[in-house]
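1. Sequence and predicted structure below; questions after.
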Amino acid sequence: EIGVRHPTDPQTQQPVVMTTDFLVTVRSGTLATDYARTLKYDQDLQSRRTLEKFEIERRYWQTRNVDWGIVTEHEIPMVLAKNVELLHEYRHIADRASLPEDEYQAVADRLTRQALQTDTPLKRIALDCDRHFGLAPGTGLTVAYHLMANRRWQINMEEPLTVSKRLAILSVTDLDVE
């Protein structure tokens with residue numbers, strides 16, 4: 001329709017399936033709105049072929065009444081990106097530490113209490129927790145990162161995550177903290 005050749009596999013010349021990097025659904029009450037976003041480095045937007053393919057993608061989403069856009073490195077705060085990169089590895093606690101559920105909960109409760117009630121740097125709170133429970137060094141910090149990665153500790157992700165300073169926890173969810 002627009003005079004742009006659909007992308008093909010260079011070896012087989014068969015059409016390839018086009019994809020969009022993210023489809024995000026934002027809910028507000030009973031209303032749900034979808035946003036389609038594709039990620040690309042700014043320098044890659046200089047390619048005419050890239051822009052042609054994006055036009056195909058844009059029109060696809062337009063026919064579905066979905067807001068579509070391009071996100072470059074300029075729209076993503078670097079501190080946020082670094083914090084997400086760090087915490088992403090800690091989403092699944094079993095990948096990082098083998099703690100029985102009751103022990104994990106005890107560590108999480110102690111860390112949370114200490115982080116909320118003192119000005120002690122996170123690194124020291126985590127080490128004290130390791131000593132208190134007789135855990136391998138780094139286990140407490142792993143649990144703390146897991147709590148952040150799973151949003152059980154709400155923090156400002158646009159501030160550098162520095163373990164040598166007090167951690168400002170904005171809110172806590174799903175914990176039985178006394």
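-> Cool, got the structure.
2. Okay, buried residues for the one helix or strand Thr112 maps to please.
-> Secondary structure assignment for Thr112, by DSSP states H and E: helix 101-117. For helix 101-117, burial by neighbour count (16 or more other C-beta atoms under 10 Å) applies to 104, 106-108, 110-112, 114-115. The C-beta positions use only the backbone N, C-alpha and C, and glycine is treated the same way.
3. what packs against the strand or helix carrying Glu85?
-> Element membership for Glu85, per DSSP H and E: helix 78-88. Here helix 78-88 touches helix 139-149, going by 3 or more C-beta pairs under 8 Å, 6 or more residues apart in numbering; DSSP states H and E.
4. now the helix it packs on: how far from the chain's centre is it?
-> 15 Å (C-alpha atoms, centre = their mean, to the nearest Å).
5. go on, stretch 156-173?
-> That offset, for stretch 156-173, works out to 15 Å (C-alpha atoms, centre = their mean).
6. circling back to that earlier point, for the record, mean pLDDT for the helix holding Thr112?
-> Averaging pLDDT along helix 101-117 gives 95.
7. Not counting that helix itself, show me its contacts.
-> 93, 99, 120, 122, 125-126, 128-129, 132-133, 135, 139-140, 143-144, 147, 152-153, 166-167, 169, 172, 175-178 (C-beta atoms under 8 Å, 6 or more residues apart in numbering).
8. Filter the residues you listed down to the buried ones.
-> 93, 99, 122, 125-126, 129, 135, 139-140, 143-144, 147, 152-153, 167, 169, 172.
9. Just the residues you listed: which are in helices?
-> Residues of the buried ones among the contacts of helix 101-117 located in helices (DSSP state H): 122, 125-126, 129, 139-140, 143-144, 147.
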